[in-house]
Every structure is written in C-alpha cells, then in structure tokens.
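> Sequence below, structure please.
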Amino acid sequence: MEYLEFAVDLARSAGDVLKHYMDRDKQVELKGRANLVTVADKESEALIINGIRERYPSHAILAEESGTSGPSAAGKGKWIIDPLDGTTNFAHQYPFFCVSIAFEQEGQISCGAVYDPWRDEMFSAARGRGAFVNGERITVSDVQGLGSALIMTGFPYGFRDKIQTVLAQFAAFLIESQAVRRGGSAALDMCYVALGRVDGFWEMDLYPWDTAAGLVILEEAGGKVTDFSGNRFSIYGKEMVASNRSIHEEMLRVLKKLG
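Residues are numbered from 1 along each chain as shown. Presented below is the predicted three-dimensional model:
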C-alpha cells in the first residue's frame, strides 16, 4: 500500500533524528510541569510535515506540536503524527519512545507505522492486511484471564489533578492482574499488546496522535479496542481499553466498578 510504505519510510527517517539526539543536548522546554518538548520533537515533526507536504500537498496534517495544517477539509485524507511519543523518557535517556504516523481516510485509520529507534522495531499495519514488526506478522497473546495478564498503562499529563482516579485504577489492576507496567508511550504500549508482549492496556486523556497508528496495528493483530464503557473507540475520544480480546470484558469490569 502506497500510504503505508510512505509512513514506514518517513517514520524511519524521523527515528534517525531521535537517534542523533540521544547522546546530545536535547534543549528541553516545558509545556507543562510534566509535559516536555525537545529539539528532537521539533526537528522530527518538521521532517515529517515537510515530507508529507512535498509528496501529498492536498492532504491535511494533524501533529502534536504544530496542530492542524494543510487543506481545511481533509477530504483527500489526513496524516496524524506524533514525532516523539515518550518525550519525558527520551529527555532522561530512558529507552522507551517512538515515532508514530497514521493516515486517516473517510473517518477511518487506514494504515499506520510506529517506529522504536532504540530497538530498531518498525510496527506497521494497513486495514485488512495484517500487522507486522520488521516485516514479520504479529498477533496478540493467547492469555485467557486477567489474573494471568501483564497490563500496561499511562498517566495523563494532568494526573496531579486526577490523582485519586489514577491511583484507584492503578491499584485495582494491580490487584486483579498478574502485574502492571507504566511505559510512558501510549503508541508503544498499544504495539506491545499487538505483539503479545503484554496482554492489555488502559489510559485516559489521550489524543489522536497518541493512538491513531497504534489503533490499526493493534486491531490488525487481532486485538480489541474500546472506551471505558465498552463502546467503539474513536481516536478523538479520551479513554482507551485495549486487549488481546480474551481479557477485555474483565478489564472493563474493573473500570466500571470504579464508576
């Protein structure tokens, strides 16, 4: 698929930008107490946007740092990009971050690429064509119960204003699952569910650039994605529960008990 091949190539080039800055001054700025931006975010995003504008000038773009650009109507399609998902990790040299690029057509994410430059892992998928990592097909795990599951989550930037909710969710899943991990990159968390490294993921206060590419990758790997109420997930919504399908209803019950 043309758009997927382009997304993969662009994500890899943007990942090279991140690798360049790994051992260099990152010029960290604060957008909020727990919300950082670095020179790598900016250069990676500029590379991606310039590449899209050169190749597909009629397409719209939604990017984390610069917002919406391009044609006001996204009838030709819209690229949704996160030039560096996991900026705080990156700023601290913690190796869990990625580039995320997705293409949306007629309200559906048709393809996506998530590149982890540290591990050189390229996750990719197009609708109806399966999900892959470095060209090898991937599927979700076969874990059958939440009690045997490894779960991932993330904390919203404004978690200090929602600390009771965040801690209540975390505590509930700690009790009900085998273990919980907090990675710091929603896009990679979703890809880890797709790959079967973990069995489920939940988070609130997400944005389209966090979830667009991971959504198609996870669904094409056989996973299930909903909001906290079990409704169909939209990248423009805020809540996500993602799983290998087998533990999905159990995860939803944990959240519903909390109200």
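
> Which secondary structure state is assigned to Glu45?
The three-state label given to Glu45 by DSSP: H, G, I helix; E, B strand; the rest coil is helix.

> shouldn't it be in contact with Gly67?
No: in this structure, Glu45 is not within contact of Gly67 by Cβ atoms under 8 Å, at 10.7 Å. To be clear about C-beta, it is placed using only N, CA and C from the backbone, and glycine gets the same treatment.

> what about the closest residue to Val133 other than its chain neighbours, which helix or strand?
Excluding the flanking residues, the one nearest Val133 by Cβ to Cβ, 6 or more residues apart in numbering is Phe123, at 5.2 Å. Assignment of secondary structure by DSSP states H and E places Phe123 within strand 121-126.

> Now do that strand: which elements does it pack against?
helix 2-21, strand 108-116, strand 131-133, helix 186-195, helix 208-220 (3 or more Cβ pairs under 8 Å, 6 or more residues apart in numbering; DSSP states H and E).

> Next, format these as CSV and append mean pLDDT.
Output for the helices and strands packed on strand 121-126, formatted as CSV (pLDDT from 0 to 100):
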stretch, mean pLDDT
helix 2-21, 96
strand 108-116, 98
strand 131-133, 98
helix 186-195, 98
helix 208-220, 98
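
> Using CSV, please lay out those together with mean neighbour count and distance to Gly147.
What follows is the helices and strands packed on strand 121-126, written out as CSV (neighbours: other Cβ atoms under 10 Å; distance: least, Cβ to Cβ, whole Å):
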stretch, mean neighbour count, distance to Gly147
helix 2-21, 19, 36
strand 108-116, 25, 29
strand 131-133, 22, 26
helix 186-195, 29, 17
helix 208-220, 28, 22
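
> Dump these to CSV, plus distance to Met251.
What follows is the helices and strands packed on strand 121-126, written out as CSV (distance: least, Cβ to Cβ, whole Å):
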stretch, distance to Met251
helix 2-21, 29
strand 108-116, 22
strand 131-133, 20
helix 186-195, 11
helix 208-220, 14
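
> For Ile81, find the nearest of the ones you listed.
Nearest to Ile81, of all the helices and strands packed on strand 121-126, is helix 208-220, at 6.1 Å by Cβ to Cβ.
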